[in-house]
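J.: Following is a predicted model, sequence given first.
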Amino acid sequence: MGDDPCECFFSHTGMMQRLLRMLQDAQDACTDGECTDGVLDGADAGGVGTATVVAAWMAFAAGLYLMRPNTMRAAPVAPPEKPRDTDRGGPGPEPPAPTA
């Protein structure tokens, strides 16, 4: 295999065949005088674009947010009260008077 990690998935001969196919498609689309087709990079004109994929992910995330369970929709619990000066060792309230 060598040092190229892409070699696990794509062979060099396969990459060369794809490159040759792209060049042949470009030769079919363009002549010395003009290009009849603006797509030369091998992308399909009717393919799904990046903006469509991003919009689909955003719609999916919004749908998950709207359908979250009720336990996650509850209002946040108020934080506990802050300690008062009497809780820090200061003088507290007077003890009740003893009953006789």
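T.: The structure has been received and is ready for your questions.

J.: any idea how far residue 26 lies from residue 19?
T.: Residue 26 sits 11 Å away from residue 19 when distances are taken as Cβ to Cβ, to the nearest Å. Backbone N, C-alpha and C define where each C-beta goes, glycine included.

J.: These two: which has the busier surroundings?
T.: Neighbours of residue 26 and residue 19, each counted by other Cβ atoms under 10 Å, are more numerous for residue 26; the result is 15 against 11.

J.: Could you name the specific helix or strand carrying the more buried one?
T.: Taking DSSP states H and E as the criterion, residue 26 maps to helix 12-29.

J.: And residue 50, how far from residue 57?
T.: Taking Cβ to Cβ as the criterion, residue 50 is separated from residue 57 by 11 Å.

J.: Which one of the two is surrounded by more residues?
T.: Here residue 50 and residue 57 are compared on neighbour count by other Cβ under 10 Å; more neighbours surround residue 57, at 10 against 7.

J.: Which strand or helix spans that one?
T.: If you go by DSSP H and E, residue 57 is part of helix 50-66.

J.: pLDDT at residue 29, what is it?
T.: With respect to pLDDT, residue 29 scores 65.

J.: Averaged over its residues, which helix or strand of the chain has the lowest pLDDT?
T.: Among the secondary structure pieces of the chain, namely its helices and strands, helix 12-29 has the lowest mean (mean pLDDT, DSSP states H and E), a mean of 79.
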